[in-house]
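Q: return atomic coordinates for the entry below.
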Amino acid sequence: MTSQTNSADGDRVPAEDRIPVVALDPHGKDHHGEAARLRELGPVVKVLLPGDVMAWSVTDHALLNEMITDPRFSKDWRNWNAIIREEISDGWPLIGMVKVTNMVTSDGQEHRRLRKLVTQTFTPRRVQALRPRIQQIVDELLDELPSHADTDGSVDLRRHFAHPVPMQVICELFGVPAGERPRLQELMDNIFRSDLAPEEVTASQIEQYQLLARVVEGRRRDPGDDLTSALIAARAADPDSLSEEELVGTLLLMLSAGQETTLSLITNAVRALLTHPGQREIAVRGDADVWSDVVEETLRWDAPIGNFPFRYPLEDVEIAGVRIPKGEAIMAPFSAVGRDVRQHGEDADRFDITREQRRHLAFSNGPHFCLGAPLARLEAALALPAVFERYPDLSLAVDPDELIAVPSLFSNSSSTLPVRLGT
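A: Numbering: from 1, shown residues only. Okay, the predicted model is just below:
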């Protein structure tokens, strides 16, 4: 039963109507400050999104983990009341993360069907086979870093290393022609931004699908040993297994997620080590396993995706005593739960690569666990030690407080990472 209380005028007010509302910053200027405020307000909080769209946020690690593995919560945007009531326009700045057709926004049998088509080709063995090529890309980009120095001698490590590593890997994996990649990178970045004007959102979405349709058509004419060609072959063998819209939607998902998470993971890990010299010393003096610890602690402490949309209850549900009606949107706040003291201890705010227990949800959990997690982990585990081995005197070129956040409710990182390479 929903808990209630007496208001000043004697009426009984449902507990969920007394839940505080936090307006989330579409510019993402302070993800962790915002996440801390959400945690302080309780395990279930209302959040206000751009366009005065209301949603919920579950800030407790255990409760969020329970929710994202509960089949009563759908990932299909067609179950969202606001969509059903036509309150969300196609120019809404978050629409590219919500109203798409792929495995992330499907449930049950449909989700298993779409996921299976990718997992058949995107196997752990195939990911591990990429190791030599990833290492080659990393080494080449590190060789080129000095040539990208600005007049003050600084180099933007995010732009010239953290971004091109995963972008080049995922584009090669899916057979994206080199000529399409620069614009594709800009369009993929737009998906995660939450500060775009409606006309920019609409134009970007149209161009995304046009570009990916060209990629599909090119691979259809000239198939290769890439995952786009494999998906096309699966569709040709059984047209009912994958519609053309689902094919392009799957490509959109894999290309966007395949670069954004790793980009921010590498950026955040380098930033963390440069601002925690004691932890850096442990990392550079350790063996290969310690870099895995760096990756996992960064995923917990500074999750690349700060918030992730949405789940929609298929019935009225109760979480921590709060009733959430059927069809309302619930956000997964990975920045908030990553520093939940109930899960990670009283020192949850501390970056510590020697931490014994750091089970996190940065790649989600359950049926929707991130399919690209092994690739992201491999890329980061190769890129990070290589940076500090090649440039042992690496340092930030600006005060950490001067770093500007990516303008996003979703991506949690700095938009640049100016460094000095040292001698």
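Q: and the host helix or strand of Pro132, what other elements does it pack with?
A: Using DSSP states H and E, the element containing Pro132 is helix 131-144. If contacts are counted by 3 or more Cβ pairs under 8 Å, 6 or more residues apart in numbering; DSSP states H and E, helix 131-144 sits against helix 164-173, helix 373-390. For every residue, glycine as well, the C-beta is placed using N, CA and C.
Q: now those in TSV, with mean pLDDT, distance to Glu86 and mean neighbour count?
A: As requested, the helices and strands packed on helix 131-144 are exported to TSV (pLDDT from 0 to 100; distance: least, Cβ to Cβ, whole Å; neighbours: other Cβ atoms under 10 Å):
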stretch	mean pLDDT	distance to Glu86	mean neighbour count
helix 164-173	96	35	22
helix 373-390	96	36	21
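Q: please produce TSV containing the ones you listed, extended by distance to Pro277.
A: Formatted as TSV, the helices and strands packed on helix 131-144 follow (distance: least, Cβ to Cβ, whole Å):
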stretch	distance to Pro277
helix 164-173	24
helix 373-390	12
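Q: just the strands in the stretch 1-150 of the chain please.
A: For the stretch 1-150 of the chain, the strands defined by DSSP state E, counting those that start in this stretch occupy 4-6, 12-14, 21-23, 44-49, 53-58, 73-74.
Q: could you give the angle of the lengthiest helix in the chain to helix 373-390?
A: Longest helix in the chain by number of residues, with DSSP state H as the criterion: helix 244-274. Angle, helix 244-274 to helix 373-390, by axes from the mean of the first three to the mean of the last three Cα atoms, to 10 degrees: 30 degrees.
Q: distance between the helix holding Pro132 and the chain's centre?
A: Relative to its parent chain, helix 131-144 has a centroid offset of 23 Å by Cα atoms, centre = their mean, to the nearest Å.
Q: after it comes which helix or strand?
A: Downstream of helix 131-144 (by DSSP H and E), the next one is strand 155-156.
Q: now do that following strand, average pLDDT.
A: Across strand 155-156, pLDDT averages out at 98.
Q: by contact count, what packs against that strand?
A: strand 418-420.
Q: if we look at the strand it packs on, which residues are touching it?
A: Contact with strand 418-420 is made by 150, 153-157, 270, 274, 393-398, as judged by Cβ atoms under 8 Å, 6 or more residues apart in numbering.
Q: ok, back up a step: can you list contacts of the helix holding Pro132?
A: If you take Cβ under 8 Å, 6+ apart as the criterion, helix 131-144 is touched by 160-161, 164-165, 168-169, 172, 378-379, 382-383, 386-387, 390-391.
Q: and the gap between the closest residue to Ala55 other than its chain neighbours and Asn79?
A: In this structure, Ala55 finds its nearest non-sequential neighbour in Ala329, 4.1 Å apart by Cβ to Cβ, 6 or more residues apart in numbering. Computed with Cβ to Cβ, to the nearest Å, the distance linking Ala329 and Asn79 is 10 Å.
Q: ok, these two, which is more surrounded?
A: Remark: of Ala329 and Asn79, Ala329 carries more neighbours, 25 against 20, as counted by other Cβ atoms under 10 Å.
Q: need the contact list for the more buried one.
A: Ala329 neighbours (Cβ under 8 Å, 6+ apart): Val53, Met54, Ala55, Trp56, Trp80, Ala82, Pro309, Phe310, Arg311, Tyr312.
Q: now do Phe122
A: Phe122 neighbours (Cβ under 8 Å, 6+ apart): Leu227, Met254, Leu371, Gly372.
Q: can you pull the contacts of the second one?
A: Residues in contact with Met254 (Cβ under 8 Å, 6+ apart) are Val118, Phe122, Ile170, Phe174, Leu227, Leu371, Gly372.
Q: which strand residues bridge the residue nearest to the spatial centre of the chain?
A: By Cα atoms, centre = their mean, the chain has its centre lying nearest to Ile305, at 3.6 Å. Bridge pairing for Ile305 (DSSP bridges) gives the partners Ser411.
Q: ok, it to Gly28 distance?
A: Here the criterion is Cβ to Cβ. By it, Ile305 lies 11 Å from Gly28.
Q: swap in Val406?
A: According to Cβ to Cβ, Val406 and Gly28 sit 6 Å apart.
Q: ditto for Leu48
A: Going from Leu48 to Gly28 by Cβ to Cβ gives 15 Å.
Q: any weak-confidence spans in this protein?
A: Filtered on pLDDT under 70, the chain yields the residue ranges 1-17, 423.
Q: on that earlier part again, show me which of the contacts of Ala329 is closest to Pro198.
A: Checking the contacts of Ala329 against Pro198 by Cβ to Cβ gives Val53 as the nearest, at 13.4 Å.
Q: how about the closest residue to Met97 other than its chain neighbours, secondary structure?
A: The shortest distance from Met97 to any non-neighbouring residue, by Cβ to Cβ, 6+ apart, is to Pro309 (5.4 Å). What DSSP: H, G, I helix; E, B strand; the rest coil gives for Pro309 is strand.
Q: Pro309 against Lys99, yeah?
A: No. Using Cβ atoms under 8 Å, Pro309 is not in contact with Lys99; the gap is 10.2 Å.
Q: between the two, tell me which one has more neighbours.
A: Just comparing Pro309 and Lys99: by other Cβ under 10 Å the higher neighbour count belongs to Pro309, 20 against 16.
Q: pull the contacting residues for that one.
A: Contacts of Pro309 (Cβ under 8 Å, 6+ apart): Ala55, Leu94, Met97, Val98, Ala329, Met331, Ala332, Phe410.
Q: also Thr119?
A: Here Thr119 is in contact with Leu371 (Cβ under 8 Å, 6+ apart).
Q: any idea how far it is from Leu247?
A: In terms of Cβ to Cβ, Thr119 sits 16 Å off from Leu247.
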